[in-house]
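Asks: what's the 3D shape of this:
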Amino acid sequence: MSQPVSRRTFLGASGLAAAAAAIPALPPAIIRRSAGHPAAVSSSNGLRAVNRAMELVLRGTDTLDAAVEGVKIQELDPADNSVGYGGLPNEDGIVQLDASCMHGPTRRAGAVAALEGIKTPSEVARLVLKYTDHIMLVGEGAKRFALSYGFKEEDLLTPESRQLWLTWRANRGPDDDWLNVPEDEQMVVRPTGTINLDVVNAQGEISSVTTTSGLAWKIPGRAGDSPIIGAGQYTDNDVGAAGSTGRGEANIVVCGGFLTVEGMRRGLQPTDACLETLKRVVRLTPPRLLKDGRPTFELKFYAVNKRGDFGAASLYPGKFAAHDGKDGGLRYTAYLYQRPA
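Replies: Have a look, this model is predicted:
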């Protein structure tokens with residue numbers, strides 16, 4: 001015999017059912033049904049990263065672990081002054097690192113921002129994903145978390161990156177207390193380099209990682225798009241993954257990683273989805289950052305879908321790294337504008 005249901009219980013259950021019915025479902029992902037293949041796509045400094053990631057994926061390594069091992073090559077390379085060890089510091093001469101990652105099969109994410117003294121922030125972001133109920137840790141808390149897992153605190157400035165900072169500091173302005181470096185001494189162009197890596201295996205399992213030392217000479221505490229889920233990178237295991245390098249602030253305001261994946265959800269090929277996101281960036285760029293209607297900065301997007309199709313696009317002509325499961329190499333991006341003469 002069934003138990004009587006009170007009016008309160010009935011109305012409560014009815015309300016929950018109505019609320020659930022009112023939540024709109026995501027549109028179905030438009031994915032071709034032919035067999036997929038493994039692939040990896042990255043920024044142009046990620047050629048070794050895509051090769052390493054694909055080597056591991058073909059051995060059966062999880063896509064997130066493969067992606068982290070790939071980007072670690074750049075994080076540990078002192079010659080890459082836009083990522084990890086040897087990255088260019090903030091205006092106080094301190095290297096602050098950002099990273100984020102997403103694991104498609106488990107729908108989980110992790111990130112760190114303004115992390116000091118740890119060479120491989122991608123590994124710390126993965127630990128946030130695996131062992132906490134949080135998504136982002138920042139600053140001193142992120143460092144303490146890393147140290148609790150056995151990471152060693154180290155000086156991230158190399159002699160080269162320190163000298164570049166000293167040169168910049170001496171030439172900040174004519175009225176400060178620093179002696180200007182001679183005009184014939186080369187000044188470093190203010191870089192916005194980063195590495196993004198997006199990986200899919202033959203089973204359609206997808207992950208993404210983005211890691212950076214951020215904008216050189218930035219205001220201490222500044223975080224760009226790299227540690228922000230949905231901006232610096234985003235993964236939906238039903239669709240694909242996407243990420244970016246370049247001016248982080250321009251990417252944050254369009255949620256570029258997420259927007260690119262949503263473009264693929266609607267059926268766009270990866271390159272076309274990247275181009276559509278860049279068009280949104282241009283529309284939202286403030287006039288002070290435009291010259292003749294074109295952005296005065298660079299921004300690139302990289303994407304791979306569940307089938308293993310990949311592509312990249314940039315505001316101006318550029319290159320990207322990719323591996324199709326057979327060969328890895330540098331390729332040319334699609335782009336919106338030719339570079340000014």
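Asks: what's the distance between the residue lying closest to Phe301 once chain neighbours are set aside and Val83?
Replies: Counting by Cβ to Cβ, 6 or more residues apart in numbering, Cys274 is the residue found nearest to Phe301 once chain neighbours are left out, at 3.9 Å. Every residue, glycine included, has its C-beta placed from N, CA and C. Going from Cys274 to Val83 by Cβ to Cβ, to the nearest Å gives 21 Å.
Asks: so which of these two has more stuff around it?
Replies: Comparing Cys274 with Val83 by other Cβ atoms under 10 Å, the one with more neighbours is Val83, at 32 against 29.
Asks: name the nearest residue to the more buried one, sequence neighbours excluded.
Replies: Leaving aside its sequence neighbours, Val83 sits nearest to Gln74 (Cβ to Cβ, 6+ apart; 4.6 Å).
Asks: what about the one you found, which helix or strand?
Replies: According to DSSP states H and E, Gln74 maps onto helix 63-75.
Asks: following that helix, which helix or strand comes up?
Replies: strand 97-103.
Asks: what helices and strands are in contact with that next one?
Replies: helix 63-75, strand 108-115, helix 121-131, strand 206-212, strand 233-236 (3 or more Cβ pairs under 8 Å, 6 or more residues apart in numbering; DSSP states H and E).
Asks: report the buried residues of that strand.
Replies: For strand 97-103, the neighbour count (16 or more other Cβ atoms under 10 Å) marks 97-103 as buried.
Asks: quick one: which of those residues is nearest Gly70?
Replies: Gly70 lies nearest to Cys101 out of the buried residues of strand 97-103, by Cβ to Cβ, at 11.5 Å.
Asks: nearest spatial neighbour of that closest one, skipping sequence neighbours?
Replies: Spatially, and ignoring its direct neighbours in sequence, Cys101 is nearest to Val209 (4.4 Å; Cβ to Cβ, 6+ apart).
Asks: rewinding a little: give the rounded mean pLDDT of the helix holding Gln74.
Replies: In this model, helix 63-75 has an average pLDDT of 98.
Asks: show me what it packs onto, helices and strands only.
Replies: Counting contacts by 3+ Cβ pairs under 8 Å, 6+ apart, helix 63-75 packs against strand 39-43, helix 47-58, strand 97-103, helix 121-131, strand 195-200, strand 206-212.
Asks: about what we covered before: how close does the residue nearest to Cys101 sit to Gly293?
Replies: 34 Å.
Asks: more crowded one of those two?
Replies: The neighbour comparison of Val209 against Gly293 (other Cβ under 10 Å) goes to Val209, with 38 against 9.
Asks: rewinding a little: now the buried residues of strand 97-103 as TSV including pLDDT and distance to Val253?
Replies: Formatted as TSV, these follow (pLDDT from 0 to 100; distance: Cβ to Cβ, whole Å):
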residue	pLDDT	distance to Val253
Leu97	98	23
Asp98	98	17
Ala99	98	21
Ser100	98	17
Cys101	98	22
Met102	98	20
His103	98	26
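Asks: need the max-distance pair from these.
Replies: Among the buried residues of strand 97-103, Leu97 and His103 lie farthest apart (Cβ to Cβ), at 20.3 Å.
Asks: Asp236 is nearest to which of the helices and strands packed on helix 63-75?
Replies: Here strand 206-212 is closest among the helices and strands packed on helix 63-75 (Cβ to Cβ), at 7.8 Å.
Asks: which regions of the stretch 1-150 of the chain sit below the pLDDT cut-off?
Replies: Across the stretch 1-150 of the chain, the ranges flagged by pLDDT under 70 are 1-27, 29-35.
Asks: give the contact list for the residue nearest to Cys101.
Replies: Taking Cβ atoms under 8 Å, 6 or more residues apart in numbering, we find Val209 in contact with 64, 67-68, 70-71, 99-101, 122, 125, 196-197, 233, 243.
Asks: give me the beta-bridge partners of it?
Replies: Taking DSSP bridges as the rule, Val209 bridges to Cys101, Leu197.
Asks: also Thr245?
Replies: Bridge pairing for Thr245 - DSSP bridges - gives Lys300.
Asks: that one: how many residues sit nearby?
Replies: Counted with other Cβ under 10 Å, Thr245 comes out at 32.
Asks: now do the contacts for it.
Replies: Neighbour list for Thr245: 43, 192-196, 210, 212, 299-300, 302 [criterion: Cβ under 8 Å, 6+ apart].
Asks: of those residues - the most surrounded one?
Replies: Thr210 (37 neighbours).
Asks: ok, the closest residue to Trp217 other than its chain neighbours - contacts?
Replies: In space, and not counting its chain neighbours, Trp217 is closest to Glu91: 4.9 Å by Cβ to Cβ, 6+ apart. Neighbour list for Glu91: 169, 217-220 [criterion: Cβ under 8 Å, 6+ apart].
Asks: which helices and strands does the helix or strand hosting Ala146 pack with?
Replies: Following DSSP H and E, one finds Ala146 within helix 139-148. For helix 139-148, the packing partners by 3+ Cβ pairs under 8 Å, 6+ apart come out as strand 108-115, helix 121-131.
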